[in-house]
Structures are given as structure tokens and as C-alpha cells.
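Chemist: show me how the following folds:
(chains A and B)
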Amino acid sequence: QKEVEQDPGPLSVPEGAIVSLNCTYSNSAFQYFMWYRQYSRKGPELLMYTYSSGNKEDGRFTAQVDKSSKYISLFIRDSQPSDSATYLCAMSVVGAQKLVFGQGTRLTINP
Amino acid sequence: ETGVTQSPTHLIKTRGQQVTLRCSSQSGHNTVSWYQQALGQGPQFIFQYYREEENGRGNFPPRFSGLQFPNYSSELNVNALELDDSALYLCASSLDYGQNIQYFGAGTRLSVL
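Modeler: The predicted structure follows:
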């Protein structure tokens, strides 16, 4: 079993829809939770990060962490075609060297 | 403030050859990590460098090695290339040792024929 599981999709939604992206994990020691956006043939771009549990909002993006269920989510409101990319969740233990990534979800927003 | 830069952007090698990839960390960042991303997969941690020493390693064989220089830039060296080494190699920098937030470069795409 992988430490971090993420549905690879692909996920296709119409412009303006609310998008929900999710990851589950097995390591209860994870405390940092990150979402990266990766456009085709580019490096991952940090979107948001959360420490421990709770919600964090940044513009159209909301990140949620439920440590009791070992489940994290990223919501995108009013989705735009420019949001079309692969979204990667990543997690780490405090002070650890490595990030552990999910497989990535490929998202397409249709105009 | 400059972000993480990597060179070259694309490289083609043949099996058995050796390759060196380069990375300049984001301004003010002293810790560099390297990741391998196979097509359709998430990045996998190779190793991290801090104060010019390897500080943590993932499940990669010794033919993957690295260096960090006094200016915090870094190199990834891969010897005896195998076909499965074909991937996007990503460099990430973080502000300091133990800082979990990492910022990535655009990567070097390595093709092994």
C-alpha cells in the first residue's frame, strides 16, 4: 500500500464548476500537507500548504485536512480553463527531508 | 528574488553513460532536494543536501550521487544509465534544514535510449 493515494483521474468539468480533489494517507506522523499544481512539461508549483488539521483559503482555492480520517482535499471554486493541470498532493513529517507525493490528478476545465 | 533554476532542460543519453544535472536554489535557500518523476507518477525523493553533505536519501541505488557547493547550488550525477532512468528530474529548495516547504524548478527531462 502506498503511503499517499490519489485518484489519477482524468477529471473533466465545465468552466465555473466547483472541483474537489482528494488524497488519503496512511502515515499518522504526517503534519505538513501541500498541494502543488503542475502544468504539462513544467515543474510543480506550490499552491497551498497546511500544518496539522483545519482549513485554509486562498482566493478560489480551499485546502482541508482531516487527520482523524487521514484525508485531505483541495477545492477550486469558479474553475477556469487556466486551472487545467495536474494537481499533486504532498505530505511530510515535521523536520523530515522528503515530501511524499500522491500520483497526481489530471484536471481539465472545459470552456 | 530568483526561483529554482535547472539545466539543461532536456538531455538524451544512451544506456551505460553518465549524466550530470545542475540546480541553482532559490535566493536565500540553503537546502536542496532532488526528485525523480516518472511519466504519470508523482515525484519520488532521491536525496537532500544541506551544508554540502547528503542529508537523507530515498530508495535509490548508489549510482545516484550528488554534490552541493558553497553557494548552495547542487548537482545530481547518475552513472551507468538504465532505460528506467528516463524521467523528469526535479530540484527543490527550502529555506533551511528541517523546513518542510519546498519550491521546485522546472526540471530536466532525461531520455535514456
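Chemist: can you pull out the strands in chain B?
Modeler: B:5-7, B:10-13, B:19-24, B:31-37, B:44-50, B:53-57, B:64-68, B:74-78, B:87-94, B:103-104, B:108-112 (DSSP state E).
Chemist: any chance of those in TSV, plus mean pLDDT, distance to residue A:80 and mean neighbour count?
Modeler: No exception for glycine: its C-beta is placed from N, CA and C like everyone else's. What follows is the strands of chain B, written out as TSV (pLDDT from 0 to 100; distance: least, CB to CB, whole Å; neighbours: other CB atoms under 10 Å in any protein chain shown):
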stretch	mean pLDDT	distance to residue A:80	mean neighbour count
strand B:5-7	96	28	15
strand B:10-13	97	29	14
strand B:19-24	98	31	19
strand B:31-37	96	25	25
strand B:44-50	96	31	23
strand B:53-57	92	38	14
strand B:64-68	97	39	19
strand B:74-78	98	35	21
strand B:87-94	96	25	25
strand B:103-104	96	23	22
strand B:108-112	98	27	18
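Chemist: columns distance to residue A:37 on top of those, output as a markdown table?
Modeler: Shown next, in a markdown table, are the strands of chain B (distance: least, CB to CB, whole Å):
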| stretch | distance to residue A:37 |
| --- | --- |
| strand B:5-7 | 18 |
| strand B:10-13 | 22 |
| strand B:19-24 | 21 |
| strand B:31-37 | 14 |
| strand B:44-50 | 19 |
| strand B:53-57 | 25 |
| strand B:64-68 | 27 |
| strand B:74-78 | 24 |
| strand B:87-94 | 14 |
| strand B:103-104 | 11 |
| strand B:108-112 | 19 |
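Chemist: against residue B:16, how distant is the residue nearest to the spatial centre of chain B?
Modeler: Centroid check for chain B by CA atoms, centre = their mean gives residue B:34 as the closest residue, at 3.2 Å. Going from residue B:34 to residue B:16 by CB to CB, to the nearest Å gives 22 Å.
Chemist: what's the answer for residue B:106, then?
Modeler: 27 Å.
Chemist: could you do residue B:109 as well?
Modeler: The gap separating residue B:109 from residue B:16 is 19 Å, by CB to CB.
Chemist: before we move on, what about residue B:36?
Modeler: From residue B:36 over to residue B:16 (counting by CB to CB), the distance is 19 Å.
Chemist: one more: residue B:27?
Modeler: Counting by CB to CB - residue B:27 and residue B:16 are separated by 38 Å.
Chemist: equivalent analysis for residue A:32, please.
Modeler: In terms of CB to CB, residue A:32 sits 39 Å off from residue B:16.
Chemist: pick out whichever of those two has more residues nearby.
Modeler: residue A:32 (21 against 10; other CB atoms under 10 Å in any protein chain shown).
Chemist: skip the chain neighbours and tell me the closest residue to the more buried one.
Modeler: Distances taken as CB to CB, 6 or more residues apart in numbering or on different chains put residue B:100 closest to residue A:32, at 4.2 Å, once the chain neighbours are dropped.
Chemist: per-residue confidence at the one you found?
Modeler: pLDDT for residue B:100: 84.
Chemist: for residue B:72, see how far away it is.
Modeler: Residue B:100 is 18 Å from residue B:72, by CB to CB.
Chemist: you'd agree residue B:42 is up against residue A:104?
Modeler: Yes - assessed by CB atoms under 8 Å, residue B:42 is found in contact with residue A:104 at 5.4 Å.
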